[in-house]
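>>> Sequence and predicted model, in that order:
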Amino acid sequence: MGMHRDSSDLQFEPIERNVRRQVWWSIYIFEKTLCGILGRPTVIDDREMSMKVPDAPMLEQTRITAVFMNLCSDLVSISYRIRQRAYFDKTSSVERSPTLAVAMALLRECDNFYSNIPPHMSLDHAPGDTDLKAMILLLHMYYYYTRCVISRDFLIQKVESNVCFLENKPFPTSEDWPTTLILAEDCVESVHKSLQCIMIGIDLGIFEIIGYLWLDFFFVFHAVLIVCADFLARPKGQTDSSRD
């Protein structure tokens with residue numbers, strides 16, 4: 001149908017052209033997100049795609065800008081690529097855990113993306129419009145989820161070592177245990193920030209107004225699983241923090 005190429009839409013009137021753009025980007029974001037969650041290969045080759053985002057004045061939500069839409073599509077694309085590079089060997093297609101070097105490199109890519117988020121789309125910015133604030137929260141929830149995808153295996157390694165300690169069994173080996181613990185903490189910190197976004201979103205009624213019900217609840221379930229993993233096999237004498 002040529003919906004992945006903007007040049008195919010030049011024959012259409014502006015309204016229909018922008019509808020086709022909206023349909024394409026809805027398909028793109030849904031497909032990439034679902035493939036990332038399920039660990040399945042995408043059927044969309046980004047190298048063959050040349051579709052612009054819809055013109056903001058043509059959108060139902062007129063407060064959405066082209067900058068915001070480009071940011072969302074970039075994050076979805078980056079998140080999918082990060083998961084593929086972290087967990088799949090491109091030469092053998094074998095699923096494996098990320099090495100410390102790969103994880104640190106991918107987290108730096110996340111940092112670079114985050115540093116380019118405009119100030120008016122940051123969590124510190126509080127737009128008066130509820131819909132816009134909800135969309136900004138969802139953007140950050142997805143960002144912190146992506147960080148967790150990179151670092152969660154290292155949290156599991158930490159949990160396994162705690163279980164081994166409690167059971168007087170040999171600890172699992174690590175190429176660099178201090179770095180493993182840093183990555184495990186990054187996972188917990190990321191999910192903590194994601195949960196903060198979720199709690200703010202609940203107060204805003206994000207589950208009703210955004211329209212991405214299945215996605216919101218996936219973030220909730222994923223965050224809760226990470227939190228439970230962090231609590232698993234903690235030393236008995238460890239005092240709960242305010243974050244706990």
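Received, thanks.
>>> CA atoms for contacts and neighbours, from now on please.
OK.
>>> quick one: average confidence on whichever strand or helix holds Phe113?
Following DSSP states H and E, one finds Phe113 within helix 100-115. For helix 100-115, the mean per-residue pLDDT is 95.
>>> CA atoms only for it, dumped as CSV, please.
Provided in CSV are the C-alpha atoms of helix 100-115 (Å, rounded to 0.1, in the frame of the first residue of the first chain):
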residue,chain,number,x,y,z
LEU,A,100,28.5,-5.9,31.1
ALA,A,101,30.1,-4.0,28.3
VAL,A,102,27.0,-4.2,26.1
ALA,A,103,24.8,-3.2,28.9
MET,A,104,26.9,-0.1,29.8
ALA,A,105,27.0,0.9,26.1
LEU,A,106,23.3,0.6,25.7
LEU,A,107,22.6,2.6,28.9
ARG,A,108,24.8,5.4,27.5
GLU,A,109,22.6,5.4,24.4
CYS,A,110,19.6,5.8,26.7
ASP,A,111,21.4,8.7,28.5
ASN,A,112,22.0,10.4,25.1
PHE,A,113,18.3,10.1,24.2
TYR,A,114,17.2,11.4,27.5
SER,A,115,19.6,14.4,27.4
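>>> That one packs against which elements?
Counting contacts by 3 or more C-alpha pairs under 8 Å, 6 or more residues apart in numbering; DSSP states H and E, helix 100-115 is packed against helix 66-87, helix 130-166.
>>> Show residues contacting that helix.
75, 82, 86, 143, 147, 150-151, 175-176, 179-180 (C-alpha atoms under 8 Å, 6 or more residues apart in numbering).
>>> Top of the residues you listed by number of neighbours, please.
Within these, most neighbours by other C-alpha atoms under 10 Å means Ile150, with 30 neighbours.
>>> now the helix or strand that Cys187 is a member of, how far from the centre of its chain.
Here Cys187 sits within helix 177-204, counting by DSSP H and E. Relative to its chain's centre, helix 177-204 lies at 12 Å (C-alpha atoms, centre = their mean, to the nearest Å).
>>> and that helix, what other elements does it pack with?
helix 130-166, helix 213-231.
>>> how about those, which one is nearest Glu16?
For the helices and strands packed on helix 177-204, the distance to Glu16 is smallest for helix 130-166, at 24.9 Å, taking C-alpha to C-alpha.
>>> buried ones in that closest one?
By 16 or more other C-alpha atoms under 10 Å, the buried positions in helix 130-166 come out as 130-163.
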